[in-house]
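Q: Just need the structure, nothing else, for what follows:
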Amino acid sequence: MIRELAPAKINLALHVTGQRADGYHLLDSLVVFADFGDRLTFSPAPDLSLKVTGPLAEGVPTGPENLILQAATVMDRTAGAAITLEKHLPHAAGIGGGSADAAAALRGLSRLWDCPRPDEASALSLGADVPVCLSPAPQRMAGIGEALSPVPALPPLFAVLVNPRVSVPTGPVFQGLASKRNSALEPPKWNGFDSFIAWLARQRNDLEAPALRLAPAIGQVLRDLRSSDAALARMSGSGATCFGVFETKAQAIEAARKIREAQPGWWVQDTTLQTG
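A: Model prediction:
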């Protein structure tokens, strides 16, 4: 049996820098990954099948519309596979759940079938976030998601992810942008936690304002994170999940505890970010 983690993808900063003639938006984003996410297992089988379990399995499709099965179709395969997805990440949450699952499927099936992963164009055809999720390390993601580059080593970072159990459709968020031609990220440059936070604070998530108009609960999430003494709080992706960044694991654990107590209906997860 092959096992793969599909970690949560977090856009620490996300600038929308333009829009192509075909409608695709151009981005410039600093992406990191959590040590927490969905879990996938792959076993040999005569046919291809998908089973979904876990605390957030409800509503996850098991048919051809699922990106995991779509990922299998772009592989050079002659065998089947029994795939189980243990779902821990909320849906339509701005932390790359479906894309992370598809990328984990590409990694896992490559190992199970002993064949190469598909080319970049095939991975990108599954979704703009799939290429960056293939190698879950800190990266700068530009273009429509295909232009990936390394960034300087990050300091140790701990985070709390919070979703108010609200799904935010990506399309209307992009449509609500006041401007689709905004400045790119500053050149990545930092030395330690304080200078990293100072750099990050000067960046943005351009999708935060339109997402707030669609889902005002995001504002309460951000207020709760900021009152928890996070060094920085921001929305990830197109929402509605937000994150707070902390210097120590103990601070993140305590902040998550307080938010869970205050908001028992929310999804709250403390995590260590993968910074190397």
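Q: how near is the residue lying farthest from the centre of the chain to residue 80?
A: In the chain, the greatest distance from the average C-alpha position (CA atoms, centre = their mean) is reached by residue 46, at 32.1 Å. Relative to residue 80, residue 46 is positioned 5 Å away (CB to CB, to the nearest Å). C-beta: built from backbone N, CA, C; applies to glycine.
Q: Can you name the element that comes right after the lengthiest helix in the chain?
A: Longest helix of the chain, by residue count under DSSP state H: helix 97-113. Remark: after helix 97-113, the chain's next helix or strand is helix 120-125, criterion DSSP states H and E.
Q: Residues touching that next one, excluding its own?
A: Helix 120-125 is contacted from outside by 74, 103, 106, 117, 130, 131, 134, 144, 145, 146, using CB atoms under 8 Å, 6 or more residues apart in numbering.
Q: Need the max-distance pair from those.
A: Taking CB to CB as the measure, those reach their widest spread between 117 and 144, a distance of 19.5 Å.
Q: What does the pLDDT read for the closest residue to residue 131 other than its chain neighbours?
A: Counting by CB to CB, 6 or more residues apart in numbering, the nearest residue to residue 131 once its immediate chain neighbours are dropped is residue 123, at 5.0 Å. For residue 123, the pLDDT comes out at 94.
Q: Over to the one 4 residues further on?
A: The model reports residue 127 with a pLDDT of 93.
Q: so who does it touch?
A: By CB under 8 Å, 6+ apart, the residues touching residue 127 are 67, 98, 99, 102, 145.
Q: now do 7 Å
A: Contact partners of residue 127, counting by CB atoms under 7 Å, 6 or more residues apart in numbering, are 67, 98, 99, 102.
Q: Dump the helix or strand of the chain with the lowest mean pLDDT to PDB, keeping only the CA atoms.
A: Across the helices and strands of the chain, mean confidence by mean pLDDT, DSSP states H and E is lowest for helix 120-125: a mean of 92. Coordinates of each C-alpha in helix 120-125 appear next as PDB, following Å, rounded to 0.1, in the frame of the first residue of the first chain:
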ATOM      1  CA  GLU A 120       3.800  20.100 -16.600                       C
ATOM      2  CA  ALA A 121       1.100  20.800 -19.100                       C
ATOM      3  CA  SER A 122      -0.900  17.800 -18.000                       C
ATOM      4  CA  ALA A 123      -0.600  18.700 -14.300                       C
ATOM      5  CA  LEU A 124      -1.600  22.200 -15.100                       C
ATOM      6  CA  SER A 125      -4.700  20.900 -17.000                       C
END
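Q: Quick one: distance of that helix to the chain centre.
A: The gap between the average C-alpha position of helix 120-125 and the chain average comes to 17 Å, counting by CA atoms, centre = their mean, to the nearest Å.
Q: for the helix or strand just after it, packing partners?
A: Counting by DSSP H and E, the next helix or strand C-terminal to helix 120-125 is helix 130-134. When contacts are defined as 3 or more CB pairs under 7 Å, 6 or more residues apart in numbering; DSSP states H and E, helix 130-134 sits against helix 97-113, helix 120-125.
Q: how much space between residue 275 and residue 40?
A: Counting by CB to CB, the gap from residue 275 to residue 40 is 24 Å.
Q: Neighbour count: the two, which is higher?
A: Summary of the neighbour comparison: residue 275 and residue 40, criterion other CB atoms under 10 Å, with residue 40 having more neighbours (24 against 16).
Q: I figured that one hits residue 4, correct?
A: Yes: with contact defined as CB atoms under 7 Å, residue 40 counts as touching residue 4 (4.8 Å).
Q: between those two, what contacts are shared?
A: Shared between the contact lists of residue 40 and residue 4 (criterion: CB under 7 Å, 6+ apart) are residues 104, 108.
Q: Any idea how far stretch 46-62 is from the middle of the chain?
A: On CA atoms, centre = their mean, the centre of stretch 46-62 falls 20 Å from the chain's centre.
Q: Going by neighbour count, list what's buried in stretch 119-136.
A: For stretch 119-136, the neighbour count (16 or more other CB atoms under 10 Å) marks 122-124, 126-134, 136 as buried.
Q: now do stretch 245-255
A: Residues of stretch 245-255 classed as buried under the neighbour-count rule (16+ other CB under 10 Å) are 245, 246, 247, 251, 252, 254, 255.
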